[in-house]
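1. Can you look at this prediction? I've put the sequence above it.
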Amino acid sequence: MARKGRNIYKRKDGRWEGRVILGYDGNKKRKYHSIYGRNYTEVKGKMQKYIEKYGDVRGRGDTIGVILYFWLNQKRIEWKPSTYANYRRIIENHLLPYWSHIYPEMLTVDKVRKFVLTKKDDGLSSEYIKSIFGVFQQALKYYENEHENVHYKIPIPSFNGNHNSKSVIKELPSIETINEVEKILYTKELPEQAGILIAINSGIRIGELCALQWKDVDLDNGMIHISKTMQRINTYSNQNPGTKIYIMEPKTSSSVRDIPLPSNLIKFLACKKTVPEEYVVPGKRVDYCEPRTLQYRFERFLKENGFQCFRFHALRHCFASRCVELGFDVKSLCEIMGHSDVHITLQLYVHTSVKQKRILMERLNNNL
């Protein structure tokens, strides 16, 4: 039987209408499905059949919003702060606005398809949308495993389209520009001088560079040892809200690596090296220079020396491309870059120049 207090009333046109709660929209307002009949009893019977077929929101478990936060809170202790911050950012920026007050039982192929199209309209790449949906799936699967007799059928959308090659590739400086930057750096006296030169000649990530200490620089063997990274992360803490600098192990084991340095840079670093615990790129108020500050310093250096500004991360792209032009084998380059797969190196960080393509085509012509 229908529950007492079911929403059934007589309309002005003489018909009876009953409303079944379907869920809630983004503004936390209830969404209804209306059922009509000639009298109260007929509507009540139709509503009962509808509820038996599709379920009753009032008798359901948690909403997707509750499930997402359940997953975050349960798994937080197992994750690095950066992982938690990344997942929470995805949930709060992308998933909650769309799914917060919807129940898992109401997931349909059409709803998921509309969600994906909405994210594409927002300008997100297919790869990032796929990552967002991956977080969504993980949370629902975890909730299933933690609760008996709970099973959700999750419609899996397709993620066709551009797989990510954003504007960073268009903004890359030329190899000639990087060579000019390097020449000027050797003549300057800057706190970040040694660090930028290391980045140009090793492809090191900005977070890895900021965490690099002189004890990680082995001049006897001409190597730098990468075993940690630095990142400013939202703490999501009630006691200490805001962001905090974390120095931690890299995300993957492939990122822990030894990178050989060219001999001219080794000689230069020998004159700069200080005590083991000091950071290669020092800060002004604290011992270290965080990534955001190093990016500002780097942009200021470019402006002061007449270069068009580009992101610090472009040095990593240019290093990889320059290595390919010089004949590095892809496997060695992959290990230097700290990638787990050579396809990542080739797809994201290797951009051959027109000049290099022309040289290769001339080799083909000569061979013919």
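-> Received, thanks.

2. Contact partners for Tyr9?
-> By CB atoms under 8 Å, 6 or more residues apart in numbering, the residues touching Tyr9 are Trp16, Glu17. (C-beta placed from N, C-alpha, C; glycine too.)

3. whoops, I mixed them up, Ile175
-> In this structure, Ile175 makes contact with Cys318, Ser321, Arg322, Glu325, Ser353, judged by CB under 8 Å, 6+ apart.

4. I'd like to know how far it sits from Thr41.
-> The gap separating Ile175 from Thr41 is 82 Å, by CB to CB, to the nearest Å.

5. I'd like to know how many residues surround His101.
-> 19 (other CB atoms under 10 Å).

6. Also Val112?
-> Neighbourhood size, Val112 [other CB under 10 Å]: 17.

7. Now flag whichever of the contacts of Ile175 is closest to Tyr50.
-> Distance to Tyr50, by CB to CB, is smallest for Ser321 among those, at 61.6 Å.

8. Following the chain onward from the helix or strand containing Cys271, which element is next?
-> Using DSSP states H and E, Cys271 sits within helix 263-272. Scanning forward in sequence from helix 263-272 by DSSP H and E, the next helix or strand is helix 291-304.

9. follow-up on the earlier one: now what about the helix holding Cys271, what contacts it?
-> Residues contacting helix 263-272 (CB under 8 Å, 6+ apart): Tyr186, Gln193, Ala194, Leu197, Ile198, Asn201, Val217, Leu219, Gly222, Leu261.

10. Now do the second one against Leu265, distance only.
-> Put plainly, it is Gln193. Distance from Gln193 to Leu265, counting by CB to CB: 11 Å.

11. Specify the beta-bridge partners of Thr229.
-> As for beta bridges, Thr229 partners with Met248 under DSSP bridges.

12. Can you name the element that comes right after the least confident helix or strand in the chain by mean pLDDT?
-> When each helix and strand of the chain is scored by mean pLDDT, DSSP states H and E, helix 167-170 comes last, with a mean of 45. Using DSSP H and E, the helix or strand that follows helix 167-170 towards the C-terminus is helix 175-185.

13. before we move on, back to that, can you pull the buried residues of the helix holding Cys271?
-> Leu265, Ile266, Phe268, Leu269 (16 or more other CB atoms under 10 Å).

14. Looking at those, which two lie furthest apart in space?
-> Distance extremes for the buried residues of helix 263-272: the farthest pair is Ile266 and Phe268 at 7.3 Å, using CB to CB.

15. how far does the helix or strand where Leu315 lies sit from the chain's center?
-> According to DSSP H and E, Leu315 maps onto helix 314-325. Put simply, helix 314-325 sits 22 Å off its chain's centre (CA atoms, centre = their mean, to the nearest Å).

16. what mean pLDDT would you report for it?
-> The average pLDDT for helix 314-325 rounds to 89.

17. counting contacts, what elements does it pack onto?
-> helix 167-170, helix 175-185, helix 193-202, helix 330-337 (3 or more CB pairs under 8 Å, 6 or more residues apart in numbering; DSSP states H and E).

18. Which other helices and strands does the last one contact?
-> In terms of contacts (3+ CB pairs under 8 Å, 6+ apart), helix 330-337 is packed against strand 257-260, helix 314-325, helix 342-344.

19. Is it possible to get a markdown table of these that adds mean neighbour count and distance to Thr229?
-> Formatted as a markdown table, the helices and strands packed on helix 330-337 follow (neighbours: other CB atoms under 10 Å; distance: least, CB to CB, whole Å):
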| stretch | mean neighbour count | distance to Thr229 |
| --- | --- | --- |
| strand 257-260 | 17 | 12 |
| helix 314-325 | 21 | 13 |
| helix 342-344 | 14 | 17 |
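
20. need the ones you listed in a markdown table with distance to Tyr98, can you?
-> Output for these, formatted as a markdown table (distance: least, CB to CB, whole Å):
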| stretch | distance to Tyr98 |
| --- | --- |
| strand 257-260 | 40 |
| helix 314-325 | 34 |
| helix 342-344 | 30 |
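
21. Count the neighbours of Leu140 for me.
-> Per other CB under 10 Å, the neighbour tally for Leu140 reads 20.

22. Can I get the contacts of Ile175 in TSV including distance to Ser126?
-> Converted to TSV, the contacts of Ile175 look like this (distance: CB to CB, whole Å):
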residue	distance to Ser126
Cys318	26
Ser321	24
Arg322	29
Glu325	30
Ser353	27
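
23. mind listing the helices for the stretch 101-250 of the chain?
-> 109-121, 126-146, 167-170, 175-185, 193-202, 206-210 (DSSP state H, counting those that start in this stretch).

24. just checking, what packs against the first one?
-> Applying 3+ CB pairs under 8 Å, 6+ apart, one finds that helix 109-121 contacts helix 96-99, helix 126-146.

25. Out of those, which gets nearest to Gly45?
-> Comparing the helices and strands packed on helix 109-121 by CB to CB, helix 96-99 comes nearest, at 32.6 Å.

26. pLDDT of the closest one, averaged?
-> If you average the pLDDT values across helix 96-99, you get 91.

27. Send me it as CSV with only the CA atoms.
-> C-alpha atoms of helix 96-99 as CSV (Å, rounded to 0.1, in the frame of the first residue of the first chain):
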residue,chain,number,x,y,z
LEU,A,96,28.6,17.6,-7.4
PRO,A,97,27.1,20.4,-9.4
TYR,A,98,25.5,17.8,-11.7
TRP,A,99,25.0,14.7,-9.6
